[in-house]
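*Asks:* Kindly return the folded structure for what I paste below:
(2 chains)
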Amino acid sequence: MNFGRQLKEGLLTQNPVLVQVLGMCSTMAITTSIANGLGMGVSVLIILTLSNIVIAAIRKLVPDKIRIAMFIVVIAGFVTCVDLCLQAFVPAIAASLGVFIPLIVVNCIILGRAEAFAYKNGVLASAVDGICQGIGYTVVLLIMCFIRELLGAGTLNGIRIIPEQYPVGMLTLPVGGFLVLGTLIATMQWALARSKNKEESK
Amino acid sequence: MDQIFELLAITLGAILANNFIFSQFLGICPFLGVSKKIDTAVGMGIAVTFVMGLASAVCYVVNEFVLTRFGLEYMQTVAFILVIASLVQFIEMFLQKSMPSLYTALGVYLPLITTNCAVLGVVLLNVQSNYNFISSVVYGITGGLGFLLAIVLFASIRERLVFADYPKNWDGFPIALVTAGLMALAFMGFSGLKVW
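*Replies:* This is a model prediction of the structure:
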């Protein structure tokens, strides 16, 4: 078990959003305020961890041919639980995330990790993988929320930082989602290429 | 008459003003993944349109006559994704038997549609906006047409992008995302389109 290495993979070298480029829809759609990003990130973290655990636990009982259908049923079950919890305890966040909470079912990150990791590894390793990948996803969401909310609306979590007449309103619109995510992935590619070059030149 | 105007408003909204890709962020994965060539983009767009229309119809029936009747609304997500998955599987088998040429043309994209969030998204949005049967089907099909329009335009730009000169770190997804962002900016112009 190597928690540190898995955490590094989830955050940097195998980041679900910036390197594997999975789960783009929710990443761009809901990152307009910090509260949204945190709600979505934590929901995905919980669902990813739980579904990884369950899928790893039953991986030997499931025939190969119907595994995808089974993954989807397990994931959809957890998504429904989280959806109902959000509606009951934080209705404001549930309302602003809207249709994107049930859409976690078809978020490629969760299905991707189930297929690539949980189906081949033990329960504990899968749980750790779920947590690390979930943290990686949440961190990217928060970075995007920070950029878009600060520069687009001039606020942070509702508190005004930049006076009203200066922010670039475009960034909170769909356009901003595409541009900010594109810039982040480009930065990530630059950073990874640079660290690779350094290792080679040593 | 009112019904016709409502349908026209839905059509215009789904294709232009509230385009699934550029303003609702649904179906981004296939949009970025399958848009390197125009041919495959057209195939994917048609397949998605077909499945979205069909899924809207079937899920409306399931929701109205099974889930709502027995008070099982909380099972919507699970029920819909199962309906969509089996629908896609069924279409795949049907095409393989009756239209093998279309089946080979769509190839690997067909099973991928199950995890396209535009399909589950359109079904959930239909339920949320309380559309009746006809409106649901129209929203499904026109939403798919909007997706088709977006992915074909995007693919034709990307084919030219190969020859463009841009920083190496922007290779692949970043430059595609920036292109899509500029297209979204152009599509924002349609949001003033409120004729009805």
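*Asks:* Show me the contact partners of stretch A:111-124.
*Replies:* A:1, A:16, A:20, A:22, A:48, A:51-53, A:55-57, A:59, A:67-68, A:71-72, A:74-75, A:125-126, A:129-130, A:133, B:115 (CB atoms under 8 Å, 6 or more residues apart in numbering or on different chains). Where C-beta positions appear, they are placed from N, C-alpha and C, glycine not excepted.
*Asks:* In strands, which of these fall?
*Replies:* When DSSP state E defines the strands, the subset of those inside them is empty.
*Asks:* Write a PyMOL command that selects only the buried members of those.
*Replies:* Here is the PyMOL command that selects the buried residues among the contacts of stretch A:111-124 (16 or more other CB atoms under 10 Å in any protein chain shown):
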select buried, (chain A and resi 16+20+22+48+51+52+53+55+56+59+67+68+71+72+74+75+125+126+129+130+133) or (chain B and resi 115)
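*Asks:* which stretches of chain A have low pLDDT?
*Replies:* Along chain A, the model assigns pLDDT under 70 to residues A:1, A:202.
*Asks:* By residue count, what's the longest helix in it?
*Replies:* Among the segments of chain A that qualify as a helix by DSSP state H, the longest is helix A:174-201.
*Asks:* Give the other helices and strands that that helix contacts.
*Replies:* The helices and strands touching helix A:174-201, judged by 3 or more CB pairs under 8 Å, 6 or more residues apart in numbering or on different chains; DSSP states H and E, are helix A:24-29, helix A:123-148, helix B:173-188.
*Asks:* rerun that using 6 Å as the cut-off
*Replies:* Taking 3 or more CB pairs under 6 Å, 6 or more residues apart in numbering or on different chains; DSSP states H and E as the contact definition, the neighbouring helices and strands of helix A:174-201 are helix A:123-148, helix B:173-188.
*Asks:* Including distance to A:Leu84, could those go into JSON lines?
*Replies:* Shown next, in JSON lines, are the helices and strands packed on helix A:174-201 (distance: least, CB to CB, whole Å):
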{"stretch": "helix A:123-148", "distance to A:Leu84": "20"}
{"stretch": "helix B:173-188", "distance to A:Leu84": "33"}
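*Asks:* mind listing the helices for chain B?
*Replies:* B:2-12, B:28-33, B:38-62, B:76-98, B:100-106, B:109-112, B:117-128, B:133-161, B:173-188.
*Asks:* of all these, which lies closest to A:Ser43?
*Replies:* Set against A:Ser43 and scored by CB to CB, the helices of chain B come closest in helix B:76-98, at 13.1 Å.
*Asks:* tell me the angle of the closest one relative to helix B:38-62?
*Replies:* Put simply, helix B:76-98 runs at 120 degrees to helix B:38-62, going by axes from the mean of the first three to the mean of the last three CA atoms, to 10 degrees.
*Asks:* Spatially central residue in chain A, please.
*Replies:* With distances taken as CA atoms, centre = their mean, A:Tyr137 lies nearest the centre of chain A, 3.0 Å away.
*Asks:* could you list every residue that touches it?
*Replies:* For A:Tyr137, the residues meeting the contact criterion (CB atoms under 6 Å, 6 or more residues apart in numbering or on different chains) are A:Pro16, A:Val44.
*Asks:* Would you mind measuring from it to B:Val122?
*Replies:* Taking CB to CB, to the nearest Å as the measure, A:Tyr137 and B:Val122 are separated by 25 Å.
*Asks:* neighbours of residue 173, just the number please.
*Replies:* In the absence of a named chain, this looks at chain A. Counted with other CB atoms under 10 Å in any protein chain shown, the neighbours of A:Leu173 add up to 18.
*Asks:* oops, chain B please
*Replies:* One way to gauge burial is a neighbour count; for B:Phe173, by other CB under 10 Å, it gives 21.
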